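Enquirer: structure for the following, please:
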Amino acid sequence: MKIRYMSLDEAQELSGQDNIALISIHEPGQPTGINYAKWKHHCILEFHDADKRTGEVRLVLGGKKQLKFFDKAMAKELLLFIQALPSTVDAIYVHCYGGISRSPAVAKFLGDKVFHTNVHATATYNRYVYSTLEDAWLDIEPVTSLMKE
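Expert: Numbering: from 1, shown residues only. The predicted structure is shown next:
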């Protein structure tokens, strides 16, 4: 499985393909400019680039005062989306606004734990998102047919 992360600007230039799944991460209430009708397989998540454990906030667009943190329910939604992908999907693209924190965390987790492929994530990947995915993964039975080299 090919796993790639990117910024919103990069994702906006893509056109959907049946063999590629798109995971779209964006700030709550902010438009993405992506035509999801072109993507047969897509998952949309809305949460701020923040760490609930430490209170660190990296990015908040639109002057939002109330933070929406990534949580275990969102992690499970994402993992169930991944497990439900057909075998014809051979690539997963993950994007967030800047492509430096949230999307690398998701891509790194998918590479490390789900598909066992090497994803070179930036050093600034969101460790809170990664650890929340790890916690959710413990609750979900892996679908071994998806685990490709």
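
Enquirer: measure the residue nearest the centre of the chain to residue 37 for me?
Expert: The chain has residue 106 as the residue nearest its centroid, 4.4 Å off, counting by C-alpha atoms, centre = their mean. Plainly put, residue 106 is 23 Å away from residue 37 if you go by C-beta to C-beta, to the nearest Å. In short, each C-beta sits where N, CA and C put it, glycine included.

Enquirer: circling back: was I right about the residue nearest to the centre of the chain contacting residue 24?
Expert: No: Residue 106 is not in contact with residue 24 according to C-beta atoms under 8 Å; the separation is 10.6 Å.

Enquirer: which SSE is the closest residue to residue 54 other than its chain neighbours in?
Expert: Distances taken as C-beta to C-beta, 6 or more residues apart in numbering place residue 128 nearest to residue 54, at 7.7 Å, with adjacent residues excluded. Element membership for residue 128 (DSSP states H and E) is helix 127-139.

Enquirer: now the helices: where do they sit in this protein?
Expert: Along the chain, counting by DSSP state H, helices occupy 8-12, 72-84, 102-109, 127-139.

Enquirer: number of residues surrounding residue 68?
Expert: Residues contacting residue 68 under the criterion other C-beta atoms under 10 Å number 15.

Enquirer: show me the contacts for it.
Expert: 28, 46-48 (C-beta atoms under 8 Å, 6 or more residues apart in numbering).

Enquirer: so how far is residue 13 from it?
Expert: From residue 68 to residue 13 the distance is 27 Å (C-beta to C-beta).

Enquirer: same check on residue 24?
Expert: Residue 24 sits at a distance of 14 Å from residue 13 (criterion: C-beta to C-beta).

Enquirer: more crowded one of these two?
Expert: Remark: of residue 24 and residue 13, residue 24 carries more neighbours, 20 against 8, as counted by other C-beta under 10 Å.
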